[in-house]
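*Asks:* 3D model of this:
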Amino acid sequence: MEKGKKRKVIKWSIVSFVIFALFVIGVLVYANWEIPRSTRGYVYDNTNNIPKQKTALVLGASKYIRGGYPNPYFTYRIQAAKALYDAGKVEAFVMSGDNGHETYNEPEDMKDALVKLGVPDSIIYLDYAGFRTLDSVVRMKEIFGQDSFIVVSQRFHNERAVFLAQHYGLTVYGYNAKDVGLGRVSYKTILREKFARVKVFLDILLNKQPRFLGEPVEIS
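*Replies:* Now for the predicted structure:
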């Protein structure tokens, strides 16, 4: 290849890379600006002002992190669910998470933890197919018949869940569990969340649906 042509190829390769990088950065910035903006006024840090709802959706997290240590995200979400119950803001809970194999069961773990805090097991329902936030939110409508509810997780997660719910025509409020102090676990979670917010828009564009639906479950 002649030197002139080689330089031209290199030049356009660099230009193409820069354009692509700027596009990715732009999408990241937009997604992480638009989701908090659109959900402002629907996400609450205390139980005083959050509208009372029949049900609360508690989003799944593993009970333990690597090394067998308790997962603070899990612990704080359960505590937040109990606070809603104590404040009389909800009558029932749906614990939604991953139950991909026999030895890993987020919904059961969350239920057991909430019962230990004094919440009656008779008002706790389990969603074993909450593999993603989108699945958990949509299944609340399609399986559990709820088109208005509270979602319980950390703020960053609640904003994404509420944004998805709004797209699917649901009225959803977020109750923020205590966040986790900066450290190895939270840095990884924060980075993953940045890209998860971009994926929200891709899922909406592609009309993504839950992996599984199933028979309706009546919440009494």
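*Asks:* which intervals of the protein have sub-threshold pLDDT?
*Replies:* The chain contains residues with pLDDT under 70 at 1-6, 102, 182-185.
*Asks:* ranges for the helices of it?
*Replies:* 3-39, 72-86, 106-116, 133-142, 155-167, 184-205 (DSSP state H).
*Asks:* Can I get these in TSV including mean neighbour count?
*Replies:* (Each C-beta comes from the backbone N, C-alpha and C, glycine too.) As requested, those are exported to TSV (neighbours: other C-beta atoms under 10 Å):
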stretch	mean neighbour count
helix 3-39	12
helix 72-86	20
helix 106-116	19
helix 133-142	23
helix 155-167	23
helix 184-205	14
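*Asks:* Switch those helices over to CSV; also include distance to residue 126.
*Replies:* Below are those laid out as CSV (distance: least, C-beta to C-beta, whole Å):
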stretch, distance to residue 126
helix 3-39, 26
helix 72-86, 14
helix 106-116, 4
helix 133-142, 11
helix 155-167, 18
helix 184-205, 24
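*Asks:* Of those, which is nearest residue 47?
*Replies:* helix 72-86 (5.7 Å; C-beta to C-beta).
*Asks:* which residues sit against the closest one?
*Replies:* 47, 50, 56, 58-59, 61-63, 90, 93, 109-110, 113-114, 117-119, 150, 152-154, 175-180, 185, 189 (C-beta atoms under 8 Å, 6 or more residues apart in numbering).
*Asks:* Which of the helices of the chain sits closest to residue 214?
*Replies:* Nearest of the helices of the chain (C-beta to C-beta): helix 133-142, 8.4 Å.
*Asks:* Excluding sequence neighbours, find me the nearest residue to residue 195.
*Replies:* Using C-beta to C-beta, 6 or more residues apart in numbering and skipping the chain neighbours, the partner closest in space to residue 195 is residue 28 (7.5 Å).
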